Every structure is written in structure tokens, then in C-alpha cells.
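[1] Structure for this input, please:
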Amino acid sequence: MNWNVGSIIAIAVTVCGTIAAAADQPVRLNNLVVVHLDLESPQTGTFEFTFEDAGWVFVRTRDGRENAQVLLSGLKAPLIAYGANESGTREAMRRISAGRHRVTLTGGGVGRLEVRRVPEIRYCKFQYDPWVYHDGPYDWQFLTKWMLPHVNTIIGQVGIDQSQWATAWRERGGRWIVERMAPGIDRRGLEEKLRTITADEVYQGLLDEEGTGPAYIDGQIFDEYFPSLEFLFEPTVAALQRIQSEKRLANKSIDLYIAADADDVAELTRGALAAGSFIALETYNPEQPTEAEAKKFLQRRLADAMSKYRQVQAGAQKRMIVALGILSAPPESLDVYPQVNYRKFQDLEFQVLANDPALEDLFGVMTYTSGYAEEETIRWVGKLYRHYCIEGHTKPLCDEPYHLPHLDNPDFTEGTSDWDVQPAGENSIEVRQIKDVGYLAARYGTRQAGNQCLIMTRSAARPNRIQQTIKDLTPGCVYSLRMYSFPIGALARGYGNPVFDDVSKLDIAIDGAELVEEKCFDHIYRSVHTSELKYFNYHVRRFRASASTAKLTISDWMYPNRRVGNVGRQTGMHFVEVRPYLDDSMP
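    From the prediction side, this is the model:
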């Protein structure tokens, strides 16, 4: 859909030394952002705008001058204030009620005043650092640079005193909610006759002091509801209705994570929305092999899915948040094809949210969750939030191709084609299928990808090597090489700690480029997709290109002329990806 993206210029008229209310002529930029006022060089005075539904207002001043202030009706303190000798651009967001509102400009004035409706933009979740600890921590300093300027709501945790950060966040107008387990979800593993819970038990769980007591908590979000938990639906709706009627949590929200098609949770959806709750619709979307397949897949997963919720409850999208999965590193990853640019795939997700008519007036957007995301992904999400959820763009943010051009046959789906194979001996390098190994390693949402692996059997005489030229590089730019390896023996036996099984003893060399040493690492982890002890390795090499090509060599000897590790050890590998590294020099 093509939105009217022309600027609104509101013309104000001087009346008795003040400014009459400028005409509120909303212009929709995309599904998520509506401009209510856009005033060039406004004089001091008051300007009015109207929200049809409660939501978030975004106010920005440009070229502010000394002692200028912006006041928002209903707030005691100025929304934006410039001190002596201060100037420049300021931004602020507040969640406001439906109805008529006023912004008042006083003091030295500004070059431009913008008032927009934006979605609830959530970061999930604070102090949940990555499983791949090399990427962390995602602390307040990191978030202040990359995420906090682009969000208005933070999801925190219970059981941890986060008051010092939450208090500061709320003072600047943000909301702080906490994630908790849904009351009764612990009974899902019981035999059917024991999988019961009363509305009173759910009521007590929703009102537990842990989530409602601390003054800095604005609400709770409960994890998670899906079709097999149908025994929870009716008592949960009854408890929510009781809380609403008693006005027990008038200033604290209760949200539900739901991971289901609308038809499977129709009564829960209608009941929760009627009781004033918001629904976060979980949608964890794995990459698709081609851009055409990705667009078709995301249409079904996002737009068609929301259309069904709107059929279940008219206007449902106005009280729903889409929770996009950002799993992008072990132990679970939606980045399942090494030939696909995951950043481009994420951009396609936001393209649907911003442009498809089924998602017009969507209340909020969030991503789930920080612990499963590599640091590049966290930083990229901040940029996507800014591009689509604040600036209101409709065109893509990512100008990179969907198909990564740097390596051919990076997942060995075509055997050893495009690789220069240098075996140490007869049959010491082979390619074969291993059932579900892609899924066991990390790939989420598919059991088909990643099951064909290259296997090296270590020799005492010489190393096994494979080589390929990395191409289409831009000199001076940084790239990220990522790959997975695993011990074949330990995988078959179902045990074996790789610290002792020496499976991480690989040499990954990139000739003709400069390694960024502080961003290179090898990470050992256990699969979360089986109860058996199966270990994998995640190898990351970041490098600065010196020319348009570089030579990649992977060897099962840790050093070019010296073996480290047991002779006869078999090491499998797959998912050899090279992609541009997201610049981290500036936000």
C-alpha cells in the first residue's frame, strides 16, 4: 500500500499574543506511524491533536533554542526542555489516553515541532544476556547506545531488583513491565485428569506480589499460551474479568503471550481483549531459501495470521503486539541458511508490518528475545525500530542482497562442489547426511536444513583442508564468518564434553584479510533440542577485507604444521557463512 508521505505543515494564527490551535490533519506514513502535527518554525503557543485510541505520542523538536520548552497536557514537568546555551534536536515519547491533547511551546522556540503517533516499541528483555557470552553483556550502557533511543517499553524480569534502571526509565516517560510464567503452565506435563486449575488460582497468580508489588513495575506479560494449554483458557479469562471488575490493577497492565493460530485460541483472545489485556502474538520465522519464498511465507505468517485474529475479534490489531523472533545464535537460531542474509530477511518482516493492510493500526512491535540474539542482531533491531516505527518509512532499510554472494555451496548441499578439497588420506574428507543434525545444532523452525555435512577424519601425517575464495568483498569493510562444527563420535554416542574431545581444534584461516581479533571466538555449547548430551561448536571470525577477494582455509589441524587432537577423530561441519558485519562504530 502506498501511503501519503507528504509533510504536514500546520499554519498557526496569532491570537492575543498566543497561537491558535493548529489544524490536526493526521497523515499516515505507514501502518505504524501517523503524523498529527509538523510545524515549521512555529511561534510560541498551544497546538491541539486528537488520538482516537490510547497509545504512544512521539514529540521531536529540531533546532531548539535556549530555554525553549514543550509542555504536554496532563504532565506537570515539561516534556522537552532546553537549558541555557542548549540547542539541537530533542525527542520524547509518552503513552497517552484517547481524546484531545495539547502541546504548548514556550521560551526561545524551535525550528520544527513534530507530533506523531507511534506504536508501543518493546525491548525484551533487560539483563537477559546472550547464551553466547562473547557477544555480551547487553547492559544499560550497550542499550543506551543501540536500543533505548528507539523504544518506549522495556520488559524486565522478576526476582531481580531492577529498580535503579526502571526508575530512571520511567522518569523519562517509558514503561517497565516484567515477564512471568502463566499461572498453571507448570501443570502441562501432568496426566490429563490433573491438568486443571481454578479461576481463583489463576487470579491469585496474576496478582502475585512479585509482579504487582514493586512500584516501578507498570505491568506484567505472561508466558505463554498455546493450543495444548486449553485447560488454562477459561479460568484465565474469568480471572482477568474479575480483576477488571474489581479495578485491582487500574494502573498496571496484564498482557498475554500467545503462540497460536487465531481459530485455536478464539475464546481466550476475545475474553482477554474484552478484559483490557493486550496480546503479544509470537511469530518466530525461520529464513526461507529465496526472497520470493520469504515474501510468500511472511505474508502467511504475519498478514494472514493477523487477518484471522481480526475475524475472531474486530479491531483486534489495535490491542495486539507482534513479537518477532530474533533467535540468531546458538543454542537456537532462525538464521538457518548460510546463503541468506538474515538482516535482509528481518527487514522483510518489518516491511510486512509497516505496509500490509491487515496490520494497519497495530498497537505494538517487539522482538523475542535478547538472550538468543547475537549483538549484531540487537543493534540491527534498534535501527529497524527507528526506520519503521518512528520515522514511518515504507521502503526497505537494508540495501544488501537477500542472497549472500561471498561463498558458493556454503552448507555442502551440493557435496564438495565449489570447494578445493585437500584430503589427508583416502576417504578422510567426505560429505554425508546426518539425520536432524541441523536442528540439533541450533536451526529453529526446520528439520530439513543443515543435515548434509562435511566430515574430516584427522590424520597423523597431514591436515585435511578445504578452501574457497571469498569474493565480492569491499576493501576496508568488516565481514563476519560464522560456522558450526561437532564431534561425530560424541554425536552418535550421545555423550562427550567437547572440552576433552578436542573437537574445537580447527584452524580457520582467512588469507588476504585482517582478522579483528577482539571479535573472533570459538564457543562450545550443548544442544537444547535433545535431553541427551550433544555438544556443538560455534566459530566466529570477523575480518577486514584488504581486497575484493580473500582465501578461506578450514583445517582439522589447529596449526598449519602441527596437529593438536586425537588421530582418527571425526569432525563434522556445516553452515559456513560470510556476510557484511554491521558497523558498530556509531549508532
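
[2] so where is the stretch 1-150 of the chain shaky, pLDDT-wise?
    Within the stretch 1-150 of the chain, the segments meeting pLDDT under 70 span 1-24.

[3] now the helices for it?
    For the stretch 1-150 of the chain, applying DSSP state H, counting those that start in this stretch gives helices covering 140-146.

[4] now swap in the stretch 301-450 of the chain and tell me
    305-312, 342-355, 375-384, 437-441.

[5] and of these, who's closest to residue 122?
    With C-beta to C-beta as the measure, helix 375-384 is the member of the helices of the stretch 301-450 of the chain nearest residue 122 (10.6 Å). The C-beta positions use only the backbone N, C-alpha and C, and glycine is treated the same way.

[6] average model confidence for that closest one?
    Per-residue pLDDT over helix 375-384 has a mean of 98.

[7] One more: stretch 479-495?
    Mean predicted confidence for stretch 479-495 is 79.

[8] just stretch 288-301 next, same as before
    Here the average pLDDT along stretch 288-301 is 98.

[9] Next, the residues that contact it from outside, please.
    With contact meaning C-beta atoms under 8 Å, 6 or more residues apart in numbering, stretch 288-301 is reached by 283, 285, 287, 337, 339-340, 344-345, 348-349, 352, 356, 402-403.

[10] which residues does the most centrally placed residue in the chain bridge with?
    Residue closest to the average C-alpha location in the chain (C-alpha atoms, centre = their mean): residue 367, at 3.4 Å. With DSSP bridges as the criterion, residue 367 is bridged to residue 324.

[11] on that earlier part again, buried ones among the contacts of stretch 288-301?
    Among the contacts of stretch 288-301, those scoring as buried are 283, 285, 287, 337, 339-340, 344-345, 348-349, 352, 356, 402 (criterion: 16 or more other C-beta atoms under 10 Å).

[12] okay if I get these as CSV plus distance to residue 48?
    Converted to CSV, the buried ones among the contacts of stretch 288-301 look like this (distance: C-beta to C-beta, whole Å):
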residue, distance to residue 48
283, 37
285, 41
287, 46
337, 51
339, 53
340, 48
344, 42
345, 42
348, 38
349, 36
352, 34
356, 32
402, 45
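
[13] now, the most widely separated pair of these?
    339 and 356 (26.4 Å).

[14] Can you get me a residue count around residue 39?
    24 (other C-beta atoms under 10 Å).

[15] what do you get for residue 234?
    By the measure other C-beta under 10 Å, the count of residues near residue 234 is 15.

[16] swap in residue 297?
    Neighbours of residue 297 (other C-beta under 10 Å): 16.

[17] Residue 156 too?
    Neighbour tally, residue 156, other C-beta under 10 Å: 23.

[18] before we move on, what about the one 3 residues further on?
    Here the neighbour count serves as a burial measure; for residue 159 (other C-beta under 10 Å) it reads 8.

[19] can you give me the strands in the stretch 151-300 of the chain?
    153-157, 175-181, 219-225, 253-258, 278-283 (DSSP state E, counting those that start in this stretch).

[20] Turn those strands into TSV, including mean pLDDT and distance to residue 42.
    As requested, those are exported to TSV (pLDDT from 0 to 100; distance: least, C-beta to C-beta, whole Å):
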stretch	mean pLDDT	distance to residue 42
strand 153-157	98	29
strand 175-181	98	29
strand 219-225	97	35
strand 253-258	97	34
strand 278-283	98	34
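
[21] right, and the helices of the stretch 301-450 of the chain - which one's nearest residue 328?
    Comparing the helices of the stretch 301-450 of the chain by C-beta to C-beta, helix 375-384 comes nearest, at 4.4 Å.

[22] Return the closest one as CSV; C-alpha atoms alone will do.
    The C-alpha atoms that make up helix 375-384 are tabulated as CSV, following Å, rounded to 0.1, in the frame of the first residue of the first chain:
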residue,chain,number,x,y,z
GLU,A,375,24.9,-8.5,19.3
GLU,A,376,24.7,-7.5,15.6
THR,A,377,21.0,-8.6,15.7
ILE,A,378,20.3,-6.4,18.7
ARG,A,379,21.8,-3.4,17.1
TRP,A,380,20.0,-4.1,13.8
VAL,A,381,16.7,-4.3,15.6
GLY,A,382,17.3,-0.8,17.0
LYS,A,383,17.8,0.5,13.5
LEU,A,384,14.6,-1.3,12.2
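
[23] elements contacting that helix?
    Helices and strands touching helix 375-384, by 3 or more C-beta pairs under 8 Å, 6 or more residues apart in numbering; DSSP states H and E, are helix 140-146, strand 328-329, helix 342-355.

[24] Touching the shortest one from outside, list them.
    If you take C-beta under 8 Å, 6+ apart as the criterion, strand 328-329 is touched by 130-132, 135, 334-335, 342, 372-374, 376-377, 442, 538.

[25] right, and out of those residues, which lies closest to residue 487?
    Nearest to residue 487 out of the contacts of strand 328-329 is residue 538 (C-beta to C-beta; 13.9 Å).

[26] Direction included, what does the stretch of helix or strand that closest one belongs to pair against?
    The secondary structure element spanning residue 538 is strand 535-545 (assigned by DSSP states H and E). Paired strands of strand 535-545, with direction, are strand 478-487 (antiparallel), strand 513-515 (antiparallel), strand 521-526 (antiparallel) (DSSP bridges).

[27] Identify each buried residue in the last one, please.
    Right, the one you point to is strand 521-526. In strand 521-526, counting by 16+ other C-beta under 10 Å, buried: 523, 525.

[28] Enumerate residues external to that strand that contact any of its residues.
    131-134, 330-331, 498-499, 504, 506, 533-540.
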